[in-house]
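Chemist: Have a look at this prediction, sequence included:
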Amino acid sequence: MESISVQRRGELVNQTHDLLKLELRDSYKVDDDDLAAWRAGDYQTLEASYGGWRDVVAGRLAEGKTLRRVRVVSEPLSEYQQMSLRFSGSAVAAGEDLRWLPRRLVSTIALPGNDCFVLEGRMAMFNVLDGDNDRSEIQLYTEPEAVKFCLEAFETAWSIAVPHHEYRPPETTRLP
């Protein structure tokens, strides 16, 4: 295992053609500005923010790259995940293959302890967050057993997750 910088993380993600991401948290502090905009009903700001990600995804697709993501979510959805569900459609339309996996379905699935990326099926990268949802470390693993674990966890989660356009959260979650 190697600790890497945010810059190195970005380089690896940008160089990767086959990118898998498994998200396990119900909110992320890095997106606090977006969440504040959501709470204020400032959907223009959110459309611009998520539009930036949509453009990245479209660029990846144009370069022949893929991106599959599974979001493991508690239900009813957290306020953060309600926002994500509402505004992720543009990135999906641009080529991100996004699925939602209710946390209640993963009790017997082996998942990593931290959000992870699998890059080209050869590397596993973890975002380690602290108790305040701030990133405290980025770990890169090239050891085959760590990569295999993450790849299998992702594929298992993927196989039972619901495609973005089919996911319907419980009625108690309110989407504006």
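Modeler: Thanks, I have it.
Chemist: which residues does the residue nearest to the spatial centre of the chain contact?
Modeler: Geometric centre of the chain, nearest residue: residue 23, 4.4 Å, by CA atoms, centre = their mean. Applying CB atoms under 8 Å, 6 or more residues apart in numbering, we find residue 23 in contact with 69, 70, 71, 72, 115. Where you see a C-beta, it was placed from the backbone N, CA and C, and this is true even at glycine.
Chemist: As a markdown table, those residues with distance to residue 88 would be great.
Modeler: Formatted as a markdown table, those follow (distance: CB to CB, whole Å):
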| residue | distance to residue 88 |
| --- | --- |
| 69 | 9 |
| 70 | 13 |
| 71 | 9 |
| 72 | 15 |
| 115 | 16 |
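Chemist: What about those residues, which are in strands?
Modeler: Secondary structure from DSSP state E places 69, 70, 71, 72, 115 of the contacts of residue 23 in strands.
Chemist: ok, and the closest non-adjacent residue to residue 156?
Modeler: Leaving out its chain neighbours, the residue that sits closest to residue 156 by CB to CB, 6 or more residues apart in numbering is residue 109, at 5.5 Å.
Chemist: max-length helix in the chain?
Modeler: The longest helix of the chain (DSSP state H) is helix 43-62.
Chemist: So which residues make contact with it?
Modeler: With CB under 8 Å, 6+ apart as the criterion, helix 43-62 contacts 19, 33-34, 37-38, 66-67, 83, 86-88, 90-91, 93-96, 176.
Chemist: Give the buried residues for stretch 23-41.
Modeler: The neighbour-count check on stretch 23-41 (16 or more other CB atoms under 10 Å) flags 23, 24, 25, 26, 28, 31, 34, 35, 37, 38 as buried.
Chemist: Determine which two of these are furthest apart.
Modeler: 24 and 37 (23.9 Å; CB to CB).
Chemist: can you give me how far stretch 38-47 is from the chain middle?
Modeler: Offset of stretch 38-47 from its chain centre (CA atoms, centre = their mean, to the nearest Å): 20 Å.
Chemist: average pLDDT across that stretch?
Modeler: The average of the pLDDT scores along stretch 38-47 is 94.
Chemist: Endpoints of it, how far apart?
Modeler: End-to-end distance for stretch 38-47: 10 Å, by CA to CA, to the nearest Å.
Chemist: ok, back up a step: how close does the residue nearest to the centre of the chain sit to residue 35?
Modeler: 15 Å (CB to CB, to the nearest Å).
Chemist: and the residue lying farthest from the centre of the chain, what is it in contact with?
Modeler: Here the centre of the chain is the reference, and by CA atoms, centre = their mean the most remote residue is residue 40, at 23.8 Å. Contact partners of residue 40, counting by CB under 8 Å, 6+ apart, are absent.
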